[in-house]
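Novice: Test case, fold it:
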Amino acid sequence: MVDISSLQNITRFKSIVIQCHDIPDADAICSGFALQCWLRSVGSDATLVYSGNAQITKPSLLMLLDMLDIELHYVEELPSETDLLITVDCQRGAGNVRTLALSEGAEFAVLDHHYCEIEEGPNVIIRSTLASCATLIWDMLVKEGFQLDRRVATALYYGLFTDTNGLSELNHPLDRDLAELAVDNGLIRRLKDAAITVEELDIIGIAMSRRIMRQDIGIFRADPCDANLLGFTSDIARQVAQIDCCLVYSRQKFGLKLSVRSSAREYMASEFAAFLCEGAGSGGGNLDKAGGFISLDKITELRPGLEPEEYLMLRVEEYLEYYDLIYSGDNDVDFAAMPLFRKLPYPVGYADCSDIFPPKTKITIRTLEGDVDTVTDDDICLMIGIQGEVYPIKRDRLNRSYNLVDEPYREEREYTPVILNRITGERKEILPFARVCVPTDSKLVRAKRLTKAAKVFTVWDTDKYYQGNVGDFLVANDDDHDDCYIVRSDIFEKTYEGAET
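Specialist: Below you'll find the predicted structure:
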């Protein structure tokens, strides 16, 4: 069995075939193409194929194949000499890919980002936290030291673009990193402009006529269609004055595909999509654009007898009743009545903003929890918590609440937080600038465990809320109740202890 965790292990095979799923989309094609290009760069080769009951007819995909000179072959069976088959953006034996017969002694491997449908092993890499297979392939190629040329970078970018409703469903930091590659923007624009047919235009029109309102959320049902079409539809719906947030969905073979758009700060599109899909699929994105997928099988398992559309409407209703809204400096929360807590002397990290980029630079702090936008200043530092979470802190508060230690902070996490210059696009990792600090006894907060989920708008970012779930803690600094925020339950319990008043 081939171990595909290192791509170098596949170069020993003489005849490699890369198979996309049936009627492949751009993510499958571009992922397979990038892998093929890497193999050629190291002196190997592979044939890129797909099978199934129909061949590609979508205009944008035909243009993609032509303009990037991608050799994709439709086949009914594998070449007899094939000794390694790699399925990309799909899993051999799953329902969306024809299982082509392998000759005796031949091996297979899987590279995918969907939910796992087959037995995992060293030959199967499935990273369902990623928004596209292109992200998985890109990450593996970077680890191999492959220098992507403009053609390969454009292909991978477009794979991510199409699988995330035009980059509206970016969730994992690696997805957001891939979205910043230097690509052929002219080609991307041409592919975007060839994205829909007249028939698909009719689907958009019909969906617009099927409007349901739940408070200020507009809900639209589209006929089965390409995921990008849902994005086009929701982009139109969000422009309606009476709609603060819109949800467009269509029923696919295996579930409901969703597209979400938001125009109001009280609805973060990524969080709304994630709520709708929780426990039954996956959803994510960014502040104003997001999407997701809900499995029909999961709906049947969770709510037997309930139709998929009924389940979706129920989730919308639950969402509207689920949260309290808390605005820093403008709320009726009695923080003074909350218990007092002291931060434990657990070493964490900090970095001076102005050491990373010059003062007054607009930056994005990229972490697993999401992006935080701020502006560098000599008076602002960045804290790095025990789970790798990053957040701004005023220098005077840092000096009052922490003992600064002249030692590098080097705690590695799943994803090393990076800082992006929002103007130039330059990116820097935070750890090379980080030092150790230890909380003092004077770091006191007021806190209580949430009994109802909350959206908290902090003093640092009034345009975005931070979500607190039941069991998490609503926290405010004891000397400044306007500075309130959410601390996850597991982090709070590790880093705080009760303090006597």
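Novice: where exactly do the helices run in the chain?
Specialist: 26-41, 59-67, 133-143, 150-163, 173-178, 185-193, 198-209, 227-237, 269-277, 296-302, 308-322, 353-356, 395-401, 489-495 (DSSP state H).
Novice: least reliable of these going by mean pLDDT?
Specialist: Mean pLDDT is lowest for helix 227-237 out of the helices of the chain, coming in at a mean of 83.
Novice: Let me know the angle separating that one from helix 198-209.
Specialist: 50 degrees (axes from the mean of the first three to the mean of the last three C-alpha atoms, to 10 degrees).
Novice: chain center to helix 227-237, what's the gap?
Specialist: Distance, stretch centre to chain centre, for helix 227-237: 19 Å (C-alpha atoms, centre = their mean, to the nearest Å).
Novice: for stretch 36-47, same thing?
Specialist: Offset of stretch 36-47 from its chain centre (C-alpha atoms, centre = their mean): 29 Å.
Novice: Can you tell me which of the helices of the chain is nearest to residue 11?
Specialist: With respect to residue 11, and counting by C-beta to C-beta, the nearest of the helices of the chain is helix 26-41 at 7.2 Å. C-beta: built from backbone N, CA, C; applies to glycine.
Novice: returning to that earlier point: so can I have a markdown table of the helices of the chain showing mean neighbour count and distance to residue 447?
Specialist: A markdown table is the format used below for the helices of the chain (neighbours: other C-beta atoms under 10 Å; distance: least, C-beta to C-beta, whole Å):
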| stretch | mean neighbour count | distance to residue 447 |
| --- | --- | --- |
| helix 26-41 | 24 | 43 |
| helix 59-67 | 16 | 51 |
| helix 133-143 | 23 | 37 |
| helix 150-163 | 24 | 39 |
| helix 173-178 | 22 | 28 |
| helix 185-193 | 14 | 47 |
| helix 198-209 | 14 | 45 |
| helix 227-237 | 23 | 38 |
| helix 269-277 | 24 | 22 |
| helix 296-302 | 15 | 33 |
| helix 308-322 | 15 | 21 |
| helix 353-356 | 20 | 26 |
| helix 395-401 | 15 | 15 |
| helix 489-495 | 15 | 7 |
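Novice: Compare the ones you listed and give me the one nearest residue 366.
Specialist: Nearest of the helices of the chain (C-beta to C-beta): helix 173-178, 5.4 Å.
Novice: Just send the helices of the chain back as JSON lines, with distance to residue 121 too.
Specialist: Shown next, in JSON lines, are the helices of the chain (distance: least, C-beta to C-beta, whole Å):
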{"stretch": "helix 26-41", "distance to residue 121": "19"}
{"stretch": "helix 59-67", "distance to residue 121": "32"}
{"stretch": "helix 133-143", "distance to residue 121": "17"}
{"stretch": "helix 150-163", "distance to residue 121": "25"}
{"stretch": "helix 173-178", "distance to residue 121": "23"}
{"stretch": "helix 185-193", "distance to residue 121": "36"}
{"stretch": "helix 198-209", "distance to residue 121": "40"}
{"stretch": "helix 227-237", "distance to residue 121": "30"}
{"stretch": "helix 269-277", "distance to residue 121": "28"}
{"stretch": "helix 296-302", "distance to residue 121": "23"}
{"stretch": "helix 308-322", "distance to residue 121": "33"}
{"stretch": "helix 353-356", "distance to residue 121": "41"}
{"stretch": "helix 395-401", "distance to residue 121": "47"}
{"stretch": "helix 489-495", "distance to residue 121": "31"}
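Novice: Looking at those helices, which is nearest to residue 449?
Specialist: For residue 449, the closest of the helices of the chain is helix 489-495, at 7.4 Å, according to C-beta to C-beta.
Novice: Give me the distance between the two termini of stretch 41-55.
Specialist: The first and last residues of stretch 41-55 sit 29 Å apart, counting by C-alpha to C-alpha, to the nearest Å.
Novice: Pull the number of nearby residues for residue 219.
Specialist: Using other C-beta atoms under 10 Å, residue 219 has 20 other residues around it.
Novice: so it bridges to which residues?
Specialist: Residue 219 has these beta-bridge partners by DSSP bridges: residue 212, residue 247.
Novice: so who does the residue nearest to residue 73 when sequence neighbours are not counted touch?
Specialist: Nearest residue to residue 73 in three dimensions, chain neighbours excluded: residue 49, at 4.8 Å (C-beta to C-beta, 6 or more residues apart in numbering). Neighbouring residues of residue 49 by C-beta atoms under 8 Å, 6 or more residues apart in numbering: 17-20, 72-75, 78.
Novice: rewinding a little: nearest to residue 458, of the helices of the chain?
Specialist: Here helix 395-401 is closest among those (C-beta to C-beta), at 13.8 Å.
Novice: Keeping just the C-alphas, turn that closest one into CSV.
Specialist: Provided in CSV are the C-alpha atoms of helix 395-401 (Å, rounded to 0.1, in the frame of the first residue of the first chain):
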residue,chain,number,x,y,z
ARG,A,395,0.5,48.2,25.7
ASP,A,396,-0.3,49.8,29.0
ARG,A,397,-2.7,46.9,29.9
LEU,A,398,0.0,44.4,28.8
ASN,A,399,2.5,46.1,31.1
ARG,A,400,0.1,46.2,34.0
SER,A,401,-1.2,42.7,33.7
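Novice: Use 41 as the first number for this chain going forward.
Specialist: That works, and once the first residue is 41, the last one we named lands at helix 435-441.
Novice: who touches it?
Specialist: 383, 390, 418-421, 423, 444, 477, 479-480, 482-483, 517.
Novice: among the residues you listed, which ones are buried?
Specialist: Buried subset of the contacts of helix 435-441 (neighbour count, 16 or more other C-beta atoms under 10 Å): 383, 390, 420-421, 423, 477, 479, 483, 517.
Novice: Just give me the closest of those to residue 200.
Specialist: residue 423 (30.6 Å).
Novice: partner residues bridging the residue lying closest to the closest one once chain neighbours are set aside?
Specialist: Excluding its sequence neighbours, the residue lying closest to residue 423 (C-beta to C-beta, 6+ apart) is residue 433, at 5.0 Å. Beta bridges link residue 433 to residue 421, judged by DSSP bridges.
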